[in-house]
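Asks: Requesting a structural model of the entry that follows:
(one chain, ligands or ions: 1)
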Amino acid sequence: MRVEITCANRVGILHEIMQIFGEYRINVTSGELGGDSGDKVYLSAPNMLATQYQAIEKSLLKVPGVQRVRRIALIPSERRHFELDTLLRHVADPVLSVDREGRVIAANLAAARAFGVSLDRVPGLQLQRFLPLMQVAELLRDFTVPRYGLPVRVRGRAFRMEWSPIPVEESPGAVDSLAGAVLTLQPSEMDQYAAELPRLVALWDFDRRRESCLRLQELAGLGSPLLIAGERGVGKSTFAAALHHLSPVAAAGDCHRLLPRDGQLQVPAHVRGAGTLILEDLHRLSATAQLALLRQLRDLPPELRPIATCSSAEKLEPALAQLFSSLAITLPPLRTMRPALSRFTLAMLRQETPQARPLNLSEETLAILKRHDWPDNFNGLRDYLVAAAGRCLARDGDTVEVGDLPDLAVQPRLPWQEWGRGLTYREMMERLERALLGDLVAEQLSTRELAKRLGISHTAVANKLRKFGLAKPKG
Ligand SMILES: Nc1ncnc2c1ncn2[C@@H]1O[C@H](COP(=O)(O)OP(=O)(O)OP(=O)(O)O)[C@@H](O)[C@H]1O
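Replies: Modelled structure (predicted):
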């Protein structure tokens, strides 16, 4: 039973009221003060009987200052809870609140359904079980920043998320003043072009990739549009997402990623605030679509930084290329980084099989991997290694042996025959040798360095350079 007591605000009155309940040996389990003019005491005594209430009511009315006593169905905080629960139950979109560690405190039925768990199991679960790890990390890092329209995917379904921090004190902006955050998810229809961000990985900075990583860091702090060029699978998307996280806008803005669909790329109307806009694979757009995109980009606010990825800047229409002409990074293909192939391979194995025990590579395996040209670059290497690691783990091995490797059935087909028509074998080899040495000489390497790189003697290099007229004139 719950009672409401209207009384004067007198020192000691609460003590006298509670004493009466004590005298009747009635256990009061909860209570609060309130009312419009602060003149009400609400008490909950679940085991109080109707006869006990009549006696208590009389005693209470004798206390100086007590004006009225009546039974009520719910005390105000219970009513608020009840109303909130009812309200949430009737909201069709998922709504939930989280604490500062990203643990779910409360959620409605729609949220439980979206997450695929029963409602009673949602409280206490970690948000990262349902949302991409990278986004949760970003949200928790910038807990105090409200976010609107953030694209997320929950179990394959696209939503737009609103993130509203819950302040409890009058010190806006301070994380300590927040009780947590409320998230609402609205099913998103516009997902024709939007795509999830690639997962956040530690960037590999081996061999020529080191230069790209350093350049990325340099350019992250700037605001101009940036073009990331390179072959299929060299890591363009990975670099674009990393750039957002390295940039100062990551603290205040969101990262949106758009992919071409049917040769078009449309910037959705809600993408207008500060942040990073990743425009993927612009080489897949027709000339008309590129110019249409350019018109949209010109209308974007300057706080939204466009980052484009493309197989090569030459594939862009001149006007679009102009927009991305000041800052660019070209990522090197994997076949040009053979000296670091074992490091890439081990890093890739760790990244792709994080739960498995660390694996090594046999010398023969590494030799095969090094010889291959990896036309799909890291994408090809990843799939190949995942398959090989699976076989190695299945036989309980700790070193990937040649027997674990899938066949490299598709060898790169280059038009050698076409190229060599009319030449003898000797002539073909000579031209090949000359072209290769010509490239190396253009890098300004000394003959000693050249000999080391090619694994032949210094004298042999000097003779060949002389033969092909590539030796530097003396003097
Ligand atoms: N520097 C890097 N550090 C860590 N992982 C990387 C790096 N570069 C590439 N990867 C990995 O290589 C794979 C391919 O990268 P990504 O998808 O970014 O390439 P892409 O050039 O955008 O490919 P596509 O041309 O298919 O769009 C991914 O699995 C990614 O995790």
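
Asks: quick one: average pLDDT of stretch 198-213?
Replies: Taken as a whole, stretch 198-213 carries a mean pLDDT of 87.

Asks: make that stretch 31-50, sorry
Replies: 87.

Asks: and if you look at stretch 219-226?
Replies: Stretch 219-226 comes out at a mean pLDDT of 90.

Asks: Please spell out which residues along it are buried.
Replies: 219-220, 225-226 (16 or more other Cβ atoms under 10 Å). Where C-beta positions appear, they are placed from N, C-alpha and C, glycine not excepted.

Asks: Likewise for stretch 116-130?
Replies: 122, 125, 127, 130.

Asks: Arrange those in CSV, one row each, with distance to Glu162 as further columns.
Replies: Formatted as CSV, those follow (distance: Cβ to Cβ, whole Å):
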residue, distance to Glu162
Val122, 18
Leu125, 20
Leu127, 14
Phe130, 16
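
Asks: Close to the ligand: what parts of this protein are there?
Replies: With Cβ under 6 Å from any ligand atom as the criterion, the chain meets the ligand at residues 198, 201, 203-204, 209, 230, 232-238, 309, 378-379, 382.

Asks: Of those, which belong to strands?
Replies: If you go by DSSP state E, the residues of the chain next to the ligand have Thr309 in strands.

Asks: Just the buried ones from the residues of the chain next to the ligand, in PyMOL syntax?
Replies: Of those, the buried ones go into a single PyMOL selection, burial set by 16+ other Cβ under 10 Å:
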select buried, resi 198+203+204+209+230+233+234+235+236+237+238+309+378+382
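
Asks: residue ranges with poor pLDDT in this structure?
Replies: Under the criterion pLDDT under 70, the flagged ranges of the chain are 134, 168-179, 189-192, 194, 409-415, 474-475.

Asks: so which residue of it comes closest to the ligand?
Replies: Gly235 (2.6 Å; Cβ to the nearest ligand atom).

Asks: List the contacts of that residue.
Replies: With contacts defined as Cβ atoms under 8 Å, 6 or more residues apart in numbering, Gly235 is in contact with 209, 331, 377-378.

Asks: Ile105 now?
Replies: Contacts of Ile105 by Cβ under 8 Å, 6+ apart are 96-99, 123, 180.

Asks: Can you tell me which of these is closest to Lys467?
Replies: Closest approach to Lys467 among the contacts of Ile105 (Cβ to Cβ): Val98, at 71.5 Å.

Asks: didn't that closest one look like it was pressed against Ser164?
Replies: No - applying Cβ atoms under 8 Å as the test, Val98 and Ser164 come out as separate, 11.0 Å apart.

Asks: higher neighbour count, the two?
Replies: More neighbours surround Val98 than the other of Val98 and Ser164, with 24 against 14 (other Cβ atoms under 10 Å).

Asks: beta partners for that one?
Replies: Note on Val98: beta-bridge partners by DSSP bridges are Val104, Ala181.

Asks: Near Ile56, how many other residues are there?
Replies: For Ile56, using other Cβ under 10 Å, the count is 21.

Asks: Which residues are in contact with it?
Replies: 20-21, 24, 26, 48.

Asks: Phi, psi for it please.
Replies: Phi and psi for Ile56, reported as degrees, to the nearest 10, are phi -60, psi -40.

Asks: Let me see the contact set for Arg284.
Replies: Contacts of Arg284 by Cβ under 8 Å, 6+ apart are 260, 263.

Asks: tell me the domain ranges of this protein?
Replies: As assigned by automatic domain parsing, the chain contains the domains 2-78, 91-187, 209-327, 334-404, 416-467.

Asks: The fourth one spans what distance, first to last residue?
Replies: In this case it means domain 334-404. End-to-end distance of domain 334-404 (Cα to Cα, to the nearest Å): 22 Å.

Asks: Report the distance from it to the chain centre.
Replies: Offset of domain 334-404 from its chain centre (Cα atoms, centre = their mean, to the nearest Å): 25 Å.

Asks: before we move on, what about the longest one?
Replies: For domain 209-327, the distance between its averaged C-alpha position and the chain's averaged C-alpha position is 17 Å (Cα atoms, centre = their mean).

Asks: picking that back up, how about the buried residues of stretch 219-226, which pair is most distant?
Replies: Going by Cβ to Cβ, the pair spanning the buried residues of stretch 219-226 furthest: Ala220 and Pro225, at 13.5 Å.

Asks: which residues in the stretch 51-200 of the chain form helices?
Replies: Using DSSP state H, counting those that start in this stretch, the helices found in the stretch 51-200 of the chain span residues 76-90, 109-115, 133-141.

Asks: Quick one: closest of these to Tyr425.
Replies: If we rank the helices of the stretch 51-200 of the chain by Cβ to Cβ, the stretch that ends up nearest is helix 133-141, at 53.7 Å.

Asks: re earlier: what's the farthest-apart pair in the contacts of Ile105?
Replies: Pro123 and Gly180 (12.3 Å).

Asks: which residue of this structure sits farthest from its center?
Replies: For the chain, the residue at maximal distance from the C-alpha centroid (Cα atoms, centre = their mean) is Lys62, at 65.7 Å.

Asks: Off-centre distance for stretch 61-79?
Replies: Using Cα atoms, centre = their mean, the offset of stretch 61-79 from its chain centre is 53 Å.

Asks: And for stretch 419-428?
Replies: Put simply, stretch 419-428 sits 52 Å off its chain's centre (Cα atoms, centre = their mean).

Asks: Can you list the neighbours in contact with that stretch?
Replies: With Cβ under 8 Å, 6+ apart as the criterion, stretch 419-428 contacts Arg431.

Asks: tell me which residues of stretch 251-271 are tucked away?
Replies: For stretch 251-271, by 16+ other Cβ under 10 Å, it's 253-260, 265-268, 271.

Asks: Might you specify the subset of these located within strands?
Replies: 254-258.

Asks: what about the helices in the stretch 201-350 of the chain?
Replies: Along the stretch 201-350 of the chain, the segments classed as helices by DSSP H, counting those that start in this stretch run 209-220, 236-246, 287-298, 318-323, 341-352.

Asks: Please enumerate residues in contact with the fourth one?
Replies: Where contact means Cβ under 8 Å, 6+ apart, the residues beyond helix 318-323 that reach it are 225, 282, 290-291, 293-294, 297, 306, 313.

Asks: does Ala45 really touch Gly31, like I thought?
Replies: No - if you go by Cβ under 8 Å, Ala45 and Gly31 don't touch, sitting 9.1 Å apart.

Asks: Next one: Ala451 relative to Glu443, how far apart?
Replies: 14 Å (Cβ to Cβ, to the nearest Å).

Asks: which of the two has more neighbours?
Replies: Ala451 (17 against 9).

Asks: mind checking the SS state of the more buried one?
Replies: Here Ala451 is recorded as helix under DSSP: H, G, I helix; E, B strand; the rest coil.
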